[in-house]
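Asks: Structure, please.
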Amino acid sequence: MSLPDGLRDAAASVAPIPRGEDGAPVFRAPWEAQAFAMTLALYERGLFTWPEWAAALAAEIKRAQAAGDPDDGSTYYLHWLSALERLAGEKGVASERELVERQAAWDRAARATPHGRPILLENDPEARR
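Replies: Coordinates of the predicted model:
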C-alpha cells in the first residue's frame, strides 16, 4: 500500500508512519490497519484536511508524552486512533458517548469470541438482535 503524499507529509511533520523496507506502512495488529484505512476513507470524504490530521495526531502524541507515554513507537497507532476519534467528535460524525458505547460493544464482543475466531461486533452479547 503506498501512502498518499498528503498523509505521508502530514505524518512526517509530527511522527513518521512506521514503514517497512518497501516503504509500505507496517501494522502490528489488524486494528491498526483498520484505523489507518478509516483515516484515509474519512479524508477522501472531506471530513478533514491533512494539516488538520497532523495537528490532531500531534496533540494526541503530546498529551500521551505528558502522561508518561514510553515514546518508543509501540503506542503510535493508539495515538492515531485517539486523533481519529477526536476529529470524528469535533466534526460531529460521532459523539463521545457513541464512541464509548461502540468501544464497550467491541470489548464485550472480544470477550465473547472463542480464541482464534474473528472478533465480530455481532458477538456482543448485548447487541440488539
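
Asks: Helix or strand: which one has the residue nearest to the spatial centre of the chain?
Replies: Most central in the chain under C-alpha atoms, centre = their mean is Leu81, positioned 2.5 Å from the mean C-alpha point. Here Leu81, judged by DSSP states H and E, is contained in helix 76-90.

Asks: Check which residues of that helix are buried.
Replies: Using 16 or more other C-beta atoms under 10 Å as the test for burial, helix 76-90 gives 76-88. From N, CA and C alone the C-beta is placed, and that goes for glycine too.

Asks: list the helices and strands it packs on?
Replies: Contacts defined by 3 or more C-beta pairs under 8 Å, 6 or more residues apart in numbering; DSSP states H and E place helix 76-90 against helix 30-44, helix 50-66, helix 96-112.

Asks: quick one, domains of the protein?
Replies: When the chain is parsed with automatic domain parsing, its domains come out as 5-94, 96-129.

Asks: Packed most tightly, which of those would that be?
Replies: For the domains of the chain, the largest average neighbour count (mean count of other C-beta atoms under 10 Å) is found in domain 5-94, namely a mean of 15.

Asks: now it, how far from the centre of its chain.
Replies: 6 Å (C-alpha atoms, centre = their mean, to the nearest Å).

Asks: got the contact list for the residue nearest to the centre of the chain?
Replies: The contact partners of Leu81, by C-beta atoms under 8 Å, 6 or more residues apart in numbering, come to 31, 35.

Asks: what does the model give it for pLDDT?
Replies: If you check Leu81, the pLDDT there is 94.

Asks: Can you add distance to Asp124 and give the buried residues of helix 76-90 back as TSV?
Replies: Output for the buried residues of helix 76-90, formatted as TSV (distance: C-beta to C-beta, whole Å):
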residue	distance to Asp124
Tyr76	28
Tyr77	23
Leu78	22
His79	26
Trp80	24
Leu81	19
Ser82	22
Ala83	25
Leu84	21
Glu85	19
Arg86	24
Leu87	25
Ala88	20
